[in-house]
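Chemist: Sequence first, then the predicted structure, then my questions.
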Amino acid sequence: MKTEPFICVSSETFFTFTKRRLKEAQNVLLNLARYRPSNFGISTGILMHMIRATCHSPIVKLKYLNDALREVRFKEIMSDYGMFFLHDLDLQHHCILGIPANDPVACKEAMSRNGKGRKPLMVEPPPSSGPSGLYPIGESPAWAEIKAFIGRGAQAFMYMWVWDPDWDEVHETAAQLFVRFSREYFATLKDDALRADAPNPTCLEEAMEAWTVAELSKTLVSCWFVASNHGLNGKFPGARSLSFRDHARMFFPTTPDHMTQNSAWSPFLRHGYIGRYLRELQRLDDDDDQESLTDAIANIFGRLHCLPVIVAPTQRSNGKIWTTSHDGIHLLTNPMFYKLKRVGGPKANARVAANRLQRVKASNAVINRRLIEMNGGGAASAADAKRARKTARDRMKRLSTKAKNKRQPPDRWGKRKTVISPVSSEEEEEGEPDEEDKSDEEEEEEEDYDAMHVDELEEDEEEEEEEEDIGEDDVDMEL
């Protein structure tokens, strides 16, 4: 060691290790951001300094950050190991030990938008990258993509659930209640909904593992995993979902309100874990002990991989302990395990719309032409059909003119005069070519011409009738 030896490693090994360091520091920062401890500002400063120190040695200019780095022995650890390790990190309680419990005023001013410092520029996040091993559907997929993918691909979209031995130190009564809850809850399923025997956990680790995506897929015949937007960054429609800690209050209610005899939850109250939980709360006289038990159960729920989608009992509803559809049993997933950075915005939604199935049906005109050709017709038949449609359109347009919409006078004598053909006898004597010699186009033109003249004669005759009626009325008045 006196010769100060060094080890040569490949660039791939070095940069892979550096990338993993940055990624884990970001994961710790996201974990603290979800729970927002009282010293979140100092914790953020330490973690950001760690990220900056990965590639170079930044100069610390803020006094509160210098004090915090001194308390976590930054210089001593750097001098001993050549890199910094945050030994005082406690992910179970989501905090960094050894630093002040609350942020100082200088830290709040530096972190605040209204502080003396200059406002940071709001940089638009980069567009969503494509799928990769770390992000199966990209770094910032659209909310519609997440919901569609996680239904059957939750195991690929979520990080694996891993047991932490420190979780054995939780409240003993809370652990027993959760084990009993898991055992009794799976016992409510029909045999047809199970692939094998229902889980029968005996310890906290087995009970929590029974609610993982992998175990649920082995236990239940059909699963449909539902996405939750709690704690996610980005834009998505709808309200925010409850956290898994908040869901603990629905599974472990402190009061048996609306749990009638017909309620789906009444067996748990009369013979199950809810009845024992309420008895434990009554046994604990101190409010602090009751809150400690409730918080311990909430912490267990916050670390779960999945939970069943339920409906709490109300005054009008008996509630549901399982929610199903034709897709399977609905199971809510914990967003803390999602493999993404943020939910995509309008660009991601536009990408989803562009990837939808486009219209494949041809227009009716194309279909008609193809069917005519397939059934022995040619271009002439198609032209005749088109000409007939044009004639019908022109006739309808002619009948809808303003002159045809005016009020028609009443028929006073109850008789209608016969319409005289506009063709004179002299023209008949001159003779016209036979119909067989005329083309189809000439016949259509003559029909249109005749119809127009018939309409004009009808109008002239109606005007003459009106004049005659007026003249007769005048004669009657003079007499």
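Modeler: Received, thanks. Numbering: from 1, shown residues only.

Chemist: who's in contact with the helix or strand encompassing residue 42?
Modeler: Assigned by DSSP states H and E, residue 42 belongs to helix 40-52. Helix 40-52 is contacted from outside by 22, 25-26, 28-29, 32-33, 37, 58, 60, 62, 64-65, 68-69, 72, 74, 84, 86, 95-96, 99-100, 103-104, 107-108, 110-111, using C-beta atoms under 8 Å, 6 or more residues apart in numbering. The C-beta positions use only the backbone N, C-alpha and C, and glycine is treated the same way.

Chemist: Cross the residues you listed against strands and list the overlap.
Modeler: 95, 96 (DSSP state E).

Chemist: Which members of the contacts of helix 40-52 are classed as buried?
Modeler: Buried subset of those (neighbour count, 16 or more other C-beta atoms under 10 Å): 25, 28-29, 32, 37, 60, 64-65, 68-69, 72, 74, 84, 86, 95-96, 99, 103-104, 107, 110.

Chemist: In helices only, show me those residues.
Modeler: Judged by DSSP state H, helices contain the following of the buried ones among the contacts of helix 40-52: 25, 28, 29, 32, 64, 65, 68, 69, 74, 107, 110.

Chemist: burial of residue 325, as a residue count?
Modeler: Number of residues near residue 325 (other C-beta atoms under 10 Å) recorded here: 9.

Chemist: was I right about it contacting residue 224?
Modeler: Yes. Taking contacts as C-beta atoms under 8 Å, residue 325 lies within contact range of residue 224: 6.7 Å.

Chemist: For the helix holding residue 42, the averaged confidence score.
Modeler: Mean per-residue pLDDT for helix 40-52: 85.

Chemist: can you start the count at 51 instead of 1 from here on
Modeler: Will do, 51 is the new start, and the previous item becomes helix 90-102.

Chemist: Show me which residues of that helix are buried.
Modeler: Applying 16+ other C-beta under 10 Å to helix 90-102 flags 90, 91, 92, 93, 94, 95, 96, 97, 99, 100 as buried.

Chemist: Can you tell me which of the residues you listed is nearest residue 59?
Modeler: Nearest to residue 59 out of the buried residues of helix 90-102 is residue 100 (C-beta to C-beta; 21.1 Å).

Chemist: Would you reformat the ones in helices among the buried ones among the contacts of helix 90-102 as CSV and include pLDDT?
Modeler: Shown next, in CSV, are those (pLDDT from 0 to 100):
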residue, pLDDT
75, 85
78, 86
79, 84
82, 83
114, 84
115, 84
118, 84
119, 84
124, 83
157, 82
160, 80
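
Chemist: nearest to residue 393, of these?
Modeler: Checking these against residue 393 by C-beta to C-beta gives residue 79 as the nearest, at 18.2 Å.

Chemist: ok, which stretches of the stretch 151-300 of the chain are strands?
Modeler: 273-276 (DSSP state E, counting those that start in this stretch).

Chemist: pLDDT below threshold where in it?
Modeler: The model of the stretch 151-300 of the chain has pLDDT under 70 over residues 163-183.

Chemist: Quick one: neighbours of the residue lying closest to residue 273 once chain neighbours are set aside, just the number.
Modeler: Distance criterion C-beta to C-beta, 6 or more residues apart in numbering; nearest residue to residue 273, sequence neighbours excluded, is residue 378 at 5.1 Å. Neighbour count of residue 378, defined by other C-beta under 10 Å: 16.

Chemist: Tell me who's in contact with residue 378.
Modeler: Taking C-beta under 8 Å, 6+ apart as the test, what residue 378 contacts is 270, 271, 272, 273, 274.

Chemist: do the same with residue 314
Modeler: Residue 314 touches 363, 368, 369, 370, 371, counting by C-beta under 8 Å, 6+ apart.

Chemist: can you put those in a markdown table and add pLDDT, neighbour count and secondary structure?
Modeler: Formatted as a markdown table, the contacts of residue 314 follow (pLDDT from 0 to 100; neighbours: other C-beta atoms under 10 Å; DSSP: H, G, I helix; E, B strand; the rest coil):
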| residue | pLDDT | neighbour count | secondary structure |
| --- | --- | --- | --- |
| 363 | 88 | 24 | coil |
| 368 | 88 | 16 | coil |
| 369 | 90 | 18 | coil |
| 370 | 92 | 17 | strand |
| 371 | 93 | 18 | coil |
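
Chemist: Report how many residues lie close to residue 346.
Modeler: 18.

Chemist: That one belongs to a helix?
Modeler: Yes. Counting by DSSP: H, G, I helix; E, B strand; the rest coil, residue 346 falls inside a helix.

Chemist: Thought residue 232 was touching residue 253, still the case?
Modeler: No. Using C-beta under 8 Å, residue 253 makes no contact with residue 232, being 10.6 Å away.

Chemist: one step back: which members of the contacts of residue 378 are the farthest-apart pair?
Modeler: For the contacts of residue 378, and using C-beta to C-beta, no pair is farther apart than 271 and 274, which are 11.5 Å apart.

Chemist: Those two: who's more crowded?
Modeler: Comparing residue 271 with residue 274 by other C-beta under 10 Å, the one with more neighbours is residue 274, at 19 against 13.

Chemist: what about that one, distance to residue 200?
Modeler: Residue 274 sits 9 Å away from residue 200, taking C-beta to C-beta, to the nearest Å as the criterion.

Chemist: Strands along the stretch 301-450 of the chain, start to end?
Modeler: 356-358, 374-375, 378-383.

Chemist: Could you say which of these is packed most deeply?
Modeler: Most buried of the strands of the stretch 301-450 of the chain, by mean neighbour count (mean count of other C-beta atoms under 10 Å): strand 356-358, with a mean of 22.

Chemist: Okay, now the sheet partners of that one, with direction.
Modeler: Using DSSP bridges, the strands paired with strand 356-358 are strand 378-383 (antiparallel).

Chemist: burial count for residue 463?
Modeler: A count of neighbours around residue 463, defined by other C-beta under 10 Å, yields 8.
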